[in-house]
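K.L.:
predicted structure and sequence below. I'll ask about it afterward.
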Amino acid sequence: MAPFEELYRSRCRSPIGWYEVGKTQLFGPNLVHQAMEKVKIIRERLKTAQSRHKSYDDVRRRDLEFEVDDWVFLKVSPTKGVMQFRKKRKLSPHYIGPYQILRRIVLPVEEINVQDSLSYEEEPIAILDRQVPKLRSKEIVLIKVWLKNQKEEKATWESDDDMQTTYPNLFETVDNDIEEVSQIDVISDWGPHPSFRRLLILIEKGARAFMVLDARYDQGLGSRHDISVPQLCVIGFHIQQVKKRNLQLHAIMGRSCNLLFALAVFILLHHDTSLVLVPNICTDEAALLALKSHISYHRNNILARNWSSSTPICSWIGITCSTLHLRVTALDISRLELHGTIPPHLGNHSFLVSLRISNNSCYGELPVELGHLQRLKLISVTGNNFAIPSFLKQLPLRRDREIGDLHYLTILDLQINQLTGSIPTSIFNITTMQNIALTESNLTGKLPKTICDHLPNMEGLYLSINYLRGIIPPNLEKCRKLQILSLSLNEFIGTVPKEVSNLTALRGLYISALHLEGEISVELGNLNKLQRLALTRNEFTGSVPAGIFNISTLQFLAFSENKLSGTLPSDLGRGMLILEKLYCAANILTGFISSSISNSWKLRIVDLSVNSFTGPIPDSLGNLKYLEHLNLAGNTFFSETTVSSLTSLTNCRNLRVLSFGGNQLDSTFPTSVENFSNSLQTFKAPDCKLKGNIPKEIDLSGNQLSGSVPPCIGNITSLRTIYLDYNRLDSRLTASIGGLHNLIEFNISSNLLSETIPQEIGNLKAATLVDLSKNIFSGKIPSILGGLDKLFNLSLAHNRLNGPIQDSFGKLLALEFLVLCYKNLSGENPKTIEALVYLKYLNFSFNKLSRVISSGGPFANATARFCLSHNAPCGNSKYNVSANLPRGKRKS
């Protein structure tokens, strides 16, 4: 807006033509002069207004004085991206901190020794590359400039014209008198075409060295042919004679548009033979082959077959390459059963970001060269026999709080190794660190008091199963982003610091099996993101803070084996709706168990044993449909008439373990326990003064039960049904089974039972079904089985029994199903079988029987099914019909 408009809020009229009709006087110059005067006045007023703002600020500005222990913020203005065309794009300034002033330091100026290399002057020292990008209708020449005191990776692209104007010495002609060169031997050709060769020569002029490119093109090859850095390998030069020649660096660079000056060369002087090694994909390949040679064993020789120079390195197992540079960025050889050491060559992977060697049998010490991998973000070597890496001990703490060259390390996983000794304090100074895992590594010593001073990004600290001692540092509260704190199974003493409650991002807190004492901090109830809290096996006293039971995110809560007293909340479960596991065992807790516990509807494990709880067992436990383990033993629960809670627990169809022994229930044992799900594996109720009858049926079929059939099962003489089929029971069948005189159905098929069938099985006089099929029984069929005259279903199939079929089987007059297939039975078929007039199904197939079967007795029944196939010739072929085994009567 013009000054005139600012003052009069209207546009200034042009002075040309300001006259009335009939007059010839021109008023323009006077009006212009007046307008200029008014503009001057406007400028003065604007200046006065600006000065007024400054004076207002000056009056209210005060000098700040900082003292020791003060907290301050730093104002920073970061830049975005890299500098292009000598321009920097700044982001909005913001404050970082807070930082605490520790002490005041005054140094005399003469004692400060500043190195020349610490200069911030942006002086270009070399040109690394040159490009000519097209922008619409024109081309702009860009060069990649390496600045003084900067790393090569931070080189920037600048305009060629601007740099020649500002730094002409960078493009000066290299005049160097060089004697004759009669021969240059190329050890390794490189380039995208066999006829395309380039040679790099390093020419020295005075104290400066220049990298000169000499390119030769054969006829028909374009001048814009690209070369990729991974194609550069090793080039050797042998100078025999020297001749004079003028080489101009800028001119040679101008002949190529897309050349990559990324090759480092040695200075070629005098008459020596020089070899140039370039850090590229060939370097990575050599390092991996060195690693392969240090591995003494690998499963299925997988490295020998896969890591071969005949295949591209980026296709090797466990190798990941970057798409831009085609360099190895990730090495993952976990779980390959490797045995050996890690060579120092692994430190040549300058682009390596992730290193995983977990769950192998490697040993020794990680090479110190790994400490120089500036891009490394993840180290995971868990499950080996490594010692503490020396580079973590030796790397000094810099002023910028970074450790050595590990500027970006975020995950350090050294779990389950033979580290021994104390934790190097330098680990806790890597400011980018997010996870430190040192579980089960034989570590000793104390945690530093300043453990979290330099870990603003720490998310997981895993130090369990070691020999760490001392107190838990209160300084942990400075790790504001900490989500997992695992310190269990160590030698810590003292109390839980209240400062831990300030870790509001905490999701898992594990401080079990220590020597902590005192009361549990009430402030722990403020951790509203906590999912898992483990406080077991300590010396805590007092009551459990009620706030803990109101953490709605809790899924796991354990404070067993302490000296805690008091009661559980009357609204237990209402504040922890997604709780899955609750361990309160072995304390001195009293009171009732509220029926509101069923509000924690996801509960799978509830252990309230060995306390002093009283009152009835809440029937609402039967509403926990996911309940798998319930232990109420060792309390003083009681019941008036019958244990109704047991009836309600039959609704828990996933229940596997139920124990409530030692309670003075003094009531009738409910018959409803027979309705428990087949998933129930353990039922314990000793010393409960229960009355009534023991259940008559046991059905644990279709599980994964292992071990042997317990001998005490023969003491439950009232049992009528036993189904233990489709499990993994082994050993021999206990002889005590003969004590079950009232047993009607016995099915123990599809297990791993072996040895001979006990003779005591003949005592099952009331049995109507005996199924011993699909086991590993051996020996002969007991003749005493013929005494089970009430049997209507007998199956001994798929075992290793041998010998003849007993004649006593003819006494099983009620038998309807007889299955003896897939055995090594031999001899003749007993004629007594013809007396089994009710036989509907008989299967003798896949044996070595020989006697002819007549057509009398049950074999005259046209509706009966008989299978005698795969035996010696045995008469009527109509009986050689395959048939499936009939399933016995099953309890639903």
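P.N.:
Sure, I can see it.

K.L.:
only C-alpha atoms for contact and neighbour calcs from this point on.
P.N.:
OK.

K.L.:
tell me the domain boundaries of this protein?
P.N.:
As assigned by automatic domain parsing, the chain contains the domains 1-18+29-45, 124-277, 285-408, 565-695, 714-879.

K.L.:
will you turn those into JSON lines that also has mean pLDDT?
P.N.:
Shown next, in JSON lines, are the domains of the chain (pLDDT from 0 to 100):
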{"stretch": "domain 1-18+29-45", "mean pLDDT": "73"}
{"stretch": "domain 124-277", "mean pLDDT": "49"}
{"stretch": "domain 285-408", "mean pLDDT": "85"}
{"stretch": "domain 565-695", "mean pLDDT": "86"}
{"stretch": "domain 714-879", "mean pLDDT": "80"}
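
K.L.:
in CSV: those domains, plus mean neighbour count and distance to residue 525.
P.N.:
Output for these, formatted as CSV (neighbours: other C-alpha atoms under 10 Å; distance: least, C-alpha to C-alpha, whole Å):
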stretch, mean neighbour count, distance to residue 525
domain 1-18+29-45, 12, 63
domain 124-277, 15, 49
domain 285-408, 18, 34
domain 565-695, 19, 12
domain 714-879, 19, 45
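
K.L.:
of all these, which lies closest to residue 433?
P.N.:
Of all the domains of the chain, domain 285-408 sits nearest to residue 433, with 7.7 Å by C-alpha to C-alpha.

K.L.:
show the end-to-end separation of that closest one, please.
P.N.:
With C-alpha to C-alpha, to the nearest Å as the measure, domain 285-408 spans 24 Å from end to end.

K.L.:
ok, stretch 382-389 next?
P.N.:
Terminal-residue distance, stretch 382-389 (C-alpha to C-alpha): 13 Å.

K.L.:
just how off-centre is that stretch within its chain?
P.N.:
18 Å (C-alpha atoms, centre = their mean, to the nearest Å).

K.L.:
so what's the residue count around residue 103?
P.N.:
By other C-alpha atoms under 10 Å, the residues close to residue 103 number 9.

K.L.:
which of the helices or strands spans residue 363?
P.N.:
strand 361-364 (DSSP states H and E).

K.L.:
and the helix or strand that that strand is followed by, what does it pack onto?
P.N.:
Moving toward the C-terminus from strand 361-364, the next helix or strand (DSSP H and E) is strand 378-380. In terms of contacts (3 or more C-alpha pairs under 8 Å, 6 or more residues apart in numbering; DSSP states H and E), strand 378-380 is packed against strand 354-356, strand 411-413.

K.L.:
quick revisit: let me have the domains of the chain in CSV, extended by distance to residue 481.
P.N.:
Listed next are the domains of the chain as CSV, based on distance: least, C-alpha to C-alpha, whole Å:
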stretch, distance to residue 481
domain 1-18+29-45, 52
domain 124-277, 31
domain 285-408, 18
domain 565-695, 24
domain 714-879, 48
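
K.L.:
quick one: which of those domains is nearest residue 503?
P.N.:
Closest among those, using C-alpha to C-alpha: domain 565-695, at 20.3 Å.

K.L.:
return the strand holding residue 363 as CSV; C-alpha atoms alone will do.
P.N.:
Taking Å, rounded to 0.1, in the frame of the first residue of the first chain, the C-alpha atoms of strand 361-364 are listed here in CSV:
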residue,chain,number,x,y,z
SER,A,361,26.6,-70.9,19.7
CYS,A,362,29.1,-68.2,18.8
TYR,A,363,31.7,-67.3,21.4
GLY,A,364,34.6,-64.9,22.2
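
K.L.:
what pairs with it, parallel or antiparallel?
P.N.:
Counting by DSSP bridges, the strands paired with strand 361-364 are strand 339-340 (parallel), strand 385-386 (parallel).

K.L.:
export the ones you listed to a markdown table and tack on distance to residue 487?
P.N.:
Converted to a markdown table, the strands paired with strand 361-364 look like this (distance: least, C-alpha to C-alpha, whole Å):
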| stretch | distance to residue 487 |
| --- | --- |
| strand 339-340 | 31 |
| strand 385-386 | 22 |
